[in-house]
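In: A structural model of the following input is requested.
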Amino acid sequence: MLAAMLALVVVAMLMLTLALMTMVAVMVILAAMAMIAMVVMGALMAMIMMMVMPALMAMIVMMIIMPAALTVTVMSLSF
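Out: Residues are numbered from 1 along each chain as shown. Below you'll find the predicted structure:
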């Protein structure tokens, strides 16, 4: 009877340890996948920014320069 109880306890402990190990392994794998996904997303974002930033800068420059050029032309015409 005692031996059976001990065997059950040992089996239960083994099962618990296995479950904990599997949970830890799953968590580690998920964390690694999340890290990889974040790195990939960061690289993609950097690439997109590298492509888009010059266009944005050009647009901003145009928005700044165009009104100034227009005002200069209008003033030169009015004179």
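
In: Arg75: how many residues sit nearby?
Out: Quick fix: residue 75 is Met, not Arg. Using other CB atoms under 10 Å, Met75 has 9 neighbouring residues. Any C-beta I mention is one placed from the backbone N, CA and C, and that applies to glycine too.

In: roughly how far apart are it and Val61?
Out: Applying CB to CB, to the nearest Å, the value for Met75 to Val61 is 21 Å.

In: likewise Ile48?
Out: Distance from Ile48 to Val61, by CB to CB: 20 Å.

In: and what of Val52?
Out: 15 Å.

In: Repeat that for Leu14.
Out: Taking CB to CB, one finds Leu14 at 69 Å from Val61.

In: hey, where'd the helices end up in the chain?
Out: Counting by DSSP state H, the chain has helices at residues 2-78.

In: which stretches of it have low pLDDT?
Out: By pLDDT under 70, the chain has no low-scoring segment.

In: Grab the most central residue of it for me.
Out: The chain has Met38 as the residue nearest its centroid, 3.4 Å off, counting by CA atoms, centre = their mean.

In: ok, it - contacts?
Out: Applying CB atoms under 8 Å, 6 or more residues apart in numbering, we find Met38 in contact with no residue.

In: Kindly report the same for Ala3.
Out: Contacts of Ala3 (CB under 8 Å, 6+ apart): none.
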